[in-house]
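*Asks:* Prediction below, plus the sequence it came from.
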Amino acid sequence: MTTTVHVDLGARAYDVRIGAGLIARAGAEIAPLLRRPRVVVVSDATVAAAHLVPLQAGLAAEGIASEALLLPPGEATKCWRELEHVTEWLLSQKVERSDVVVALGGGVIGDLVGFAAAILRRGVRFVQIPTSLLAQVDSSVGGKTGINSPAGKNLVGAFHQPALVLADTGALQTLAPRDFLAGYGEVVKYGLLGDAEFFGWLEAHAGALRGRDPAALDHAVTRSVEMKAGIVMRDETEQGERALLNLGHTFCHALEAATGYSQRLLHGEGVAIGCALAFELSARLGLCAQEDPSRLRAHLREMGMKADLAEIDGALPDAAQLFELMGQDKKVVDGAIRFVLARRIGEAFVGASAPRERVLEVLRDSARG
Ligand SMILES: NC(=O)c1ccc[n+]([C@@H]2O[C@H](COP(=O)([O-])OP(=O)(O)OC[C@H]3O[C@@H](n4cnc5c(N)ncnc54)[C@H](O)[C@@H]3O)[C@@H](O)[C@H]2O)c1
């Protein structure tokens, strides 16, 4: 079964189609967008090994010709050099303004290819085919595209909404266990920030989700996309509510910087720990009940995920140094760190500041485990 979530952004509106088997049916899904029966596909080598042949067969079944460019997998690909590589390749493929570029892969490919599409000939349309859980529930929806700079992550980019998103939940079966769980960190975030009932559903279906039961995955992805789409429709360019999606991210970005953006800590793992820290801080500030962070940690542990600093491999900077790193985050306004905190599970809010001592205390306790 395929579910459609419509992202209503006026002239930039598009559908997110969710369900198993969409990659094989991509030709029929994409055909209505095309002015000529040809697309170009950019993917990474790992994703392509599992999903490029079915995609190209699905396109060919509808008479759509395709050429593909494969990039190395990993965060390092989201860089200036690969942006130039992709953009020049698209030009060499004679991609015209009316053509469609297809991004097949996780958030790295989606962000990079989306940005290349945004700047190519001042903007060509692109289709996101997200294959990681993180990309299906988060990065493929909402139009944030970009690359990393030596000065920091995601510092160069553009808003460029896709023309269509095909989230083939069947593709999640080939994800490495660690990448799957990292993406799950973003799923939990939606329950925490705005839907207590969904969080309860995730708790009740932890076993099915861990086992990647297809029906459970379809529901988790669909509800997450509905929530992301709702927030993006109300606040496309992050003037207010969209910042709720940064729950856990101020802590996460400091941890990613402290671990050198390496395999020691994947982004989604950092988000999960960051959410646990944000709830702990909220409880200590008397904003939410003490049971809420405990309940969150219990769910993360049941899923086999890390919930505390003590569980990150290797040494970390001390609490004061981590606090410094948090101060370098984009969410600093007039020198004060602006946290997303919570009143309860399912109700987060933007713009809270917290006394330094309280934050240090939370970091120290989490490092002790
Ligand atoms: N644009 C946004 O709004 C937004 C939101 C959140 C995150 N992001 C960005 O997303 C990126 C992280 O995304 P990610 O976690 O998808 O990383 P990723 O694209 O690197 O994918 C993770 C790994 O999984 C592999 N993979 C992906 N799909 C697979 C599949 N179906 N089978 C087997 N292997 C598969 C990839 O090859 C890669 O090795 C970061 O750069 C982050 O900044 C963007």
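*Replies:* Here it is on my side, so go on. Keep in mind it's a predicted model, so treat the numbers as computed, not measured.
*Asks:* tell me how far the helix or strand where Asp15 lies is from the chain's mean position?
*Replies:* If you go by DSSP states H and E, Asp15 is part of strand 14-19. Its chain's average C-alpha position is 16 Å from that of strand 14-19, according to C-alpha atoms, centre = their mean, to the nearest Å.
*Asks:* buried residues in it?
*Replies:* Buried residues in strand 14-19, counted by 16 or more other C-beta atoms under 10 Å: 14-19. (C-beta placed from N, C-alpha, C; glycine too.)
*Asks:* Next: stretch 343-355.
*Replies:* 345-346, 348-350, 352, 354.
*Asks:* hmm, back to that, in CSV, list the buried residues of strand 14-19 along with pLDDT and distance to the ligand.
*Replies:* Output for those, formatted as CSV (pLDDT from 0 to 100; distance: C-beta to the nearest ligand atom, whole Å):
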residue, pLDDT, distance to the ligand
Tyr14, 98, 15
Asp15, 98, 18
Val16, 98, 13
Arg17, 98, 16
Ile18, 98, 15
Gly19, 98, 15
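*Asks:* Figure out the length between the terminal residues of stretch 10-25.
*Replies:* 27 Å (C-alpha to C-alpha, to the nearest Å).
*Asks:* got a list of contacts for it?
*Replies:* 1-7, 29, 51, 54-55, 57-58, 104, 129, 136, 140-141, 143, 161-171, 214, 218, 221-222, 225, 229 (C-beta atoms under 8 Å, 6 or more residues apart in numbering).
*Asks:* tell me, how many neighbours does Ala204 end up with?
*Replies:* 10 (other C-beta atoms under 10 Å).
*Asks:* How far away from the center of its chain is stretch 139-148?
*Replies:* Chain-centre distance of stretch 139-148: 8 Å, with C-alpha atoms, centre = their mean.
*Asks:* Stretch 9-26 now?
*Replies:* For stretch 9-26, the distance to the chain centre is 17 Å (C-alpha atoms, centre = their mean).
*Asks:* Show me which pair in the buried residues of stretch 343-355 is furthest apart.
*Replies:* Longest distance between any two of those is 20.6 Å, between Gly346 and Ala354; criterion C-beta to C-beta.
*Asks:* near the ligand, which residues of this structure?
*Replies:* 44, 46-47, 50, 73-75, 78, 105-109, 111, 131-132, 134-135, 138-139, 142, 144, 154, 171, 174-175, 179, 182, 267 (C-beta under 6 Å from any ligand atom).
*Asks:* I'd like to know which helix or strand in the chain has the lowest mean pLDDT.
*Replies:* strand 332-333 (a mean of 64; mean pLDDT, DSSP states H and E).
*Asks:* ok, now which ones touch Glu186?
*Replies:* Glu186 sits next to 133-134, 137-138, 224, 268, 271 when contact means C-beta under 8 Å, 6+ apart.
*Asks:* Which strands or helices does the longest helix seen in the chain pack on?
*Replies:* The residue-count maximum for a helix in the chain (DSSP state H) belongs to helix 214-234. Judged by 3 or more C-beta pairs under 8 Å, 6 or more residues apart in numbering; DSSP states H and E, helix 214-234 is in contact with strand 3-7, strand 14-19, helix 177-194, helix 196-204, helix 206-210.
*Asks:* let's see 7 Å
*Replies:* Judged by 3 or more C-beta pairs under 7 Å, 6 or more residues apart in numbering; DSSP states H and E, the packing partners of helix 214-234 are strand 3-7, strand 14-19, helix 177-194, helix 206-210.
*Asks:* Now do the strands in this structure.
*Replies:* Applying DSSP state E to the chain gives strands spanning 3-7, 14-19, 38-44, 65-71, 100-105, 125-130, 144-149, 152-159, 164-168, 332-333, 336-337, 339-344, 347-352.
*Asks:* ok so, going back, and the contacts of the longest helix of the chain?
*Replies:* Contact with helix 214-234 is made by 3, 5, 7-9, 16, 18-20, 136-138, 141-142, 167, 169, 172, 187, 190, 194-195, 198, 205, 208-209, 241-242, 244-245, as judged by C-beta atoms under 7 Å, 6 or more residues apart in numbering.
*Asks:* rerun that using 6 Å as the cut-off
*Replies:* Outside helix 214-234, the residues that touch it by C-beta atoms under 6 Å, 6 or more residues apart in numbering are 3, 5, 7-8, 16, 18, 20, 136-137, 141-142, 167, 169, 172, 187, 190, 198, 205, 208-209, 241-242.
*Asks:* just stretch 89-107 next, same as before
*Replies:* 33, 35, 39-44, 47, 67, 69, 109-110, 113, 117, 120-121, 124-129, 131-132, 134-135, 139.
*Asks:* Ends of it, what's the gap?
*Replies:* With C-alpha to C-alpha applied, stretch 89-107 spans 20 Å between its terminal residues.
*Asks:* One more: stretch 116-125?
*Replies:* 10 Å.
*Asks:* Taking the stretch 201-350 of the chain, what residue is nearest to the ligand?
*Replies:* His267 (5.3 Å; C-beta to the nearest ligand atom).
*Asks:* before we move on, back to that, just the buried members of the contacts of helix 214-234?
*Replies:* Neighbour-count burial (16+ other C-beta under 10 Å) is assigned, among the contacts of helix 214-234, to 3, 5, 7, 16, 18, 20, 136-137, 141-142, 167, 169, 172, 187, 190, 198, 205, 209, 242.
*Asks:* follow-up on the earlier one: filter the residues of the chain next to the ligand down to just the buried residues.
*Replies:* Applying 16+ other C-beta under 10 Å to these, the neighbour count classes 44, 46-47, 73, 75, 78, 105-109, 111, 131-132, 134-135, 138-139, 142, 144, 171, 175, 179, 182, 267 as buried.
*Asks:* The residue lying farthest from the centre of the chain: what's it in contact with?
*Replies:* Largest separation from the mean C-alpha position in the chain: Gly63, at 32.3 Å (C-alpha atoms, centre = their mean). Going by C-beta under 6 Å, 6+ apart, Gly63 touches Pro37.
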